[in-house]
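Participant: Just need the structure, nothing else, for what follows:
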Amino acid sequence: MDKQVQHKLSETIESFPTFSEILAYRAEQSSAKIFLIEGYNKWTYWEFDNLVNRCCRYFAKIGLKPGNTVSFILRNSIDYLIIYFAAIRSRIILNPFPHHMSGDEVLKKLEDIHPESVFCHNNHYNALAESNYRIINLDNMNSDCFTEYLQNFVPDSLDALPVTENDVAVYYYSSGTTGGPKIIEYTHSSMVLTQASMLRAGFIKPDAVHLCVLPLGHTASLRYTIKQCICTGSTVVLYESFWKLRSNLWNEVQKHDATFMEIVPSILIAILNTPYKNYKKEQVSSMRFIGCGSAFLPQNLQDMFEKKFGIPVANLYGLSETGATHFDDPFVKGRKTGSIGKPFDIVEARIFGEDGEGVQNDEVGEIGMKGPGLLKGYLNNSKLFDECFHKGYFMTGDLCRKDEFGNY
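Facilitator: This is a model prediction of the structure:
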């Protein structure tokens, strides 16, 4: 993407208070463009935005109000995305859980949240149904599917309440390195500003096609794929899981002319160990790069993958608390593997030694972050939140070093 276009688009994105307005803008600008492909089904931006509006009407019908909290544990599906963006539009606080979590685990964590409603699919319903919460099974809505059920509601948008930069959009539940329960408060403003900074870094080009293979309950899927595609009017191809796609991966890349997918190191290993007997490099000619994060990525694994498939693997870094903070841009001249790259422009990073002071280049210490993309706090635990900061920097618990070129 041309830098001037990048900055103009990022300014537009930053002008909106929440992702509801960004989605509405995209539905107006790219109404006929395909936003989502799931199996044999496709939805344009206009169609998806209408479904979100209908879901807002549904929320109102069941008594959900701005400031309420909804929890959900949903498989990768359009249902998940409708619930997610309808909650943002309705100014309802989201509380998503990873789909692999058991119903019993979810119930235990809900004791800290006390949501007004919990949305699930069949596979979690029985475990949740006997609780005191209102459990709504999206596979059982007196209709063929949730999208069909939503046709009972008008697609007209409701007037959204104004928000401030401190208004919470999402509660992420994380035990993190402390071992104790932590509920991360993440604001609408942090979400918007982080996505705009990624655009300025050239993370995505308009008309991209992203394969979404990680669980949507994984923050990386929303951060690097769904929201970036909405910002640029690009297309998401959604899969239930990588493991069902694994043997057919490169055929799907070729079928959709995919340009990107976000994975984790264990998936990188799985791809390397899968015998793609009919693989040809022409199948992946559309792929700009692959993003990999959420765990340490060994440099030899990164190099091995790039050599075998000819696709750059960008090491991406961020926490649920911080949003995306670093990008190993594979298109920077002279770029080398083995780093998480440089911070996005809204992030100030610093490495501290054991004495609590900043370290010199190539010295190892704990990395801390500043910037508007950080969490607002930990729900009902201001003491723990305050303890996470040192000299104004949120301390990640991760060891890091910075080289002479500014790479971390």
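
Participant: So the residue located most distally from the centre of the chain versus residue 329, what's the distance?
Facilitator: The C-alpha centroid of the chain is most remote from residue 355, which lies 34.9 Å away (Cα atoms, centre = their mean). Distance from residue 355 to residue 329, counting by Cβ to Cβ, to the nearest Å: 32 Å. (Glycine included, C-beta is placed from N, CA and C.)

Participant: where along the stretch 201-350 of the chain do the helices fall?
Facilitator: Taking DSSP state H, counting those that start in this stretch as the test, the helices found in the stretch 201-350 of the chain are 219-220, 227-232, 242-245, 249-256, 265-272, 299-309.

Participant: Touching the third one from outside, list them.
Facilitator: Applying Cβ atoms under 8 Å, 6 or more residues apart in numbering, the contact partners of helix 242-245 are 213, 214, 239, 249, 252, 263, 267, 270.

Participant: Likewise for the fourth one?
Facilitator: Residues outside helix 249-256 that contact it (Cβ under 8 Å, 6+ apart) are 37, 209, 211, 235, 237, 239, 242, 245, 258, 261, 271, 274, 276, 279, 282-284, 286-287.

Participant: in it, what's buried?
Facilitator: 249, 250, 252, 253, 254 (16 or more other Cβ atoms under 10 Å).

Participant: Now do that helix, average pLDDT.
Facilitator: Helix 249-256 carries an average pLDDT of 97.

Participant: Run the chain-centre distance for that helix.
Facilitator: Offset of helix 249-256 from its chain centre (Cα atoms, centre = their mean, to the nearest Å): 22 Å.

Participant: go on, the first one?
Facilitator: Using Cα atoms, centre = their mean, the mean C-alpha position of helix 219-220 is found 3 Å from that of the whole chain.

Participant: and that helix, what does it pack onto?
Facilitator: strand 313-319 (3 or more Cβ pairs under 8 Å, 6 or more residues apart in numbering; DSSP states H and E).

Participant: What residues does residue 120 make contact with?
Facilitator: Residues counted as contacts of residue 120 (Cβ under 8 Å, 6+ apart) are 72, 73, 74, 128, 135, 136, 137, 138.

Participant: ok, now which ones touch the most centrally placed residue in the chain?
Facilitator: The centroid of the chain falls nearest to residue 222 when counting by Cα atoms, centre = their mean (2.2 Å). Contact analysis of residue 222 by Cβ under 8 Å, 6+ apart lists 84, 216.

Participant: Read off the pLDDT value for it.
Facilitator: With respect to pLDDT, residue 222 has a value of 96.

Participant: Ok, residue 233 next?
Facilitator: So residue 233 comes in at 97 (pLDDT).

Participant: ok, it to residue 380 distance?
Facilitator: As for residue 233, its distance to residue 380 is 39 Å (criterion: Cβ to Cβ).

Participant: more crowded one of the two?
Facilitator: Neighbour count, other Cβ atoms under 10 Å: between residue 233 and residue 380, residue 233 has more, with 20 against 10.

Participant: Quick one: residues contacting that one.
Facilitator: Applying Cβ under 8 Å, 6+ apart to residue 233 gives the contacts 26, 29, 30, 33, 45, 206, 207.

Participant: again, only this time at 10 Å
Facilitator: Neighbour list for residue 233: 9, 25-27, 29-31, 33-35, 45, 206-208 [criterion: Cβ atoms under 10 Å, 6 or more residues apart in numbering].

Participant: Equivalent analysis for residue 223, please.
Facilitator: Contacts of residue 223 were listed using Cβ under 10 Å, 6+ apart, and they are 191, 194, 195, 198, 262, 291, 293, 316, 318, 320, 323, 324.

Participant: Cross the residues you listed against strands and list the overlap.
Facilitator: Among the contacts of residue 223, DSSP state E puts 262, 291, 316, 318, 323, 324 in strands.

Participant: Can you go through those residues and name the buried ones?
Facilitator: Among the ones in strands among the contacts of residue 223, those buried by neighbour count (16+ other Cβ under 10 Å) are 262, 291, 316, 318, 323, 324.

Participant: Tell me what the fourth one is bridged to.
Facilitator: By that I understand residue 318. Judged by DSSP bridges, the bridge partners of residue 318 are residue 324.

Participant: go on, the first one?
Facilitator: According to DSSP bridges, the residues that bridge with residue 262 are residue 291.

Participant: Show me where the stretch 51-200 of the chain dips below the pLDDT cut-off.
Facilitator: Where the stretch 51-200 of the chain drops to pLDDT under 70, the residues are 175-181.

Participant: Which stretches in it count as helices?
Facilitator: Secondary structure of the stretch 51-200 of the chain (DSSP H, counting those that start in this stretch): helices at 78-89, 103-113, 122-129, 146-149, 188-200.

Participant: Export those helices to CSV and append columns for mean neighbour count.
Facilitator: Compiled in CSV, those are given as follows (neighbours: other Cβ atoms under 10 Å):
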stretch, mean neighbour count
helix 78-89, 25
helix 103-113, 16
helix 122-129, 16
helix 146-149, 18
helix 188-200, 24
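
Participant: and those as TSV, adding distance to residue 171?
Facilitator: Listed next are the helices of the stretch 51-200 of the chain as TSV, based on distance: least, Cβ to Cβ, whole Å:
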stretch	distance to residue 171
helix 78-89	11
helix 103-113	6
helix 122-129	18
helix 146-149	23
helix 188-200	13
